[in-house]
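Chemist: I need the structure of the sequence given here:
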Amino acid sequence: MPLIIADNIHKDYQVGDVVVQALQGVGFEIEPASFVSFVGPSGSGKTTLLNLIGCLDKPTAGTLTVAATDIARLDRKESAAFRGSHLGFIFQDFNLLPVLTVYENIEYPLLMVQNVPPAERKERIERLLAAVGMADQKDKYPGQISGGQKQRVAIARALVTHPELVLADEPTANLDSQTAYAVINLMKRMRDELATTFIFSTHDQKIVGEAEVIFRLEDGSIVAKEMKGGASHDESL
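Modeler: Sure, this is the predicted structure:
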């Protein structure tokens, strides 16, 4: 069964007296353990779509099912609980808390969102620190590590709750090419080991080139779906 099913999704925003149609009849399915990119020019609807999938906003019309849950029907409290149980987030500006160490930043979701016992917290955090190559940096603060290291910590923090789905908004935007490829390879390895689905909103051709499924958006619509290996489907027909 698909992890995500979007059916005829519309999203409108009121800007003064004008209604802006951010998404217009979008439909797609995403399977578990996929590596997916939403790509398109600024204003095409990529971030809006990510926000809807992430329960940060609701569609104006249509049905959006994530992990067998109609998330448009969730209230604010239910949406927060769903995010804590099913989703992880990676941001282009890392969003690490400067007053917490690397270890504490990764631990934070387990303390705030999930009631995980101390021994299990320690095991999860140490395993992910090792997986992202940051075990020897665990006592440093964000201001003491590089951009690539911060993104590695952000990946570990996103995965520590064992989410089914990780949403990443331009996760390599602030990284040099070598570091960006290392981060992409790390995420693919985490996907393979943990069966986590990764969805990216990106302009970065490095991510697009590594994605296994690519949805191309223009003016709030999906105009094409491309599969790794060159197969494509024109969604505008």
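Chemist: What does the pLDDT read for Ala224?
Modeler: pLDDT, Ala224: 93.
Chemist: Ends of stretch 31-46, what's the gap?
Modeler: 19 Å (CA to CA, to the nearest Å).
Chemist: Name the surrounding residues that touch it.
Modeler: The contact list for stretch 31-46 (CB atoms under 8 Å, 6 or more residues apart in numbering) reads 2-3, 11, 22-23, 26, 30, 49-50, 164, 187-188, 191, 195-203, 207-208, 210-221. The C-beta positions use only the backbone N, C-alpha and C, and glycine is treated the same way.
Chemist: now swap in stretch 181-201 and tell me
Modeler: 3-4, 30-38, 46-47, 49-50, 53, 88, 131-132, 148, 151-152, 155, 159, 162-172, 175, 206-207, 210-211.
Chemist: of those residues, buried ones?
Modeler: Buried subset of those (neighbour count, 16 or more other CB atoms under 10 Å): 3-4, 30, 34-38, 46-47, 49-50, 53, 88, 131-132, 148, 151-152, 155, 159, 163-172, 175, 207, 210-211.
Chemist: Beta-bridge partners for the residue most central in space within the chain, please?
Modeler: Nearest residue to the geometric centre of the chain (CA atoms, centre = their mean): Leu167, 0.7 Å. Residues in a beta bridge with Leu167, per DSSP bridges, are Phe89, Ile199.
Chemist: Okay, and which of the contacts of stretch 181-201 map to strands?
Modeler: Judged by DSSP state E, strands contain the following of those: 4, 30, 35-38, 88, 165-169.
Chemist: Of those, just say which sits nearest to Pro59.
Modeler: Ile4 (13.0 Å; CB to CB).
Chemist: is it true that the closest one touches Gly54?
Modeler: No. Taking CB atoms under 8 Å as the definition, Ile4 is not a contact partner of Gly54, at 11.1 Å.
Chemist: ok now stretch 200-210, how far from the chain's centre?
Modeler: 13 Å (CA atoms, centre = their mean, to the nearest Å).
Chemist: tell me how far the ends of that stretch are from each other?
Modeler: End-to-end span of stretch 200-210 (CA to CA): 11 Å.
Chemist: where are the low-confidence patches of the protein?
Modeler: Along the chain, segments meeting pLDDT under 70 span 114, 229-237.
Chemist: for the residue of it most remote from its centre, phi and psi?
Modeler: Most distant residue from the mean C-alpha position of the chain: Asp17, 32.5 Å away (CA atoms, centre = their mean). Main-chain torsions, Asp17, degrees, to the nearest 10: phi -90, psi 0.
Chemist: How about the one 5 residues further on?
Modeler: Dihedral angles of Ala22 (phi, psi; degrees, to the nearest 10) stand at phi -80, psi -40.
Chemist: Regarding the protein, what is its longest helix?
Modeler: Longest helix in the chain by number of residues (criterion: DSSP state H): helix 177-194.
Chemist: Pull out the buried positions in that one.
Modeler: 179-184, 186-187, 190-191, 194.
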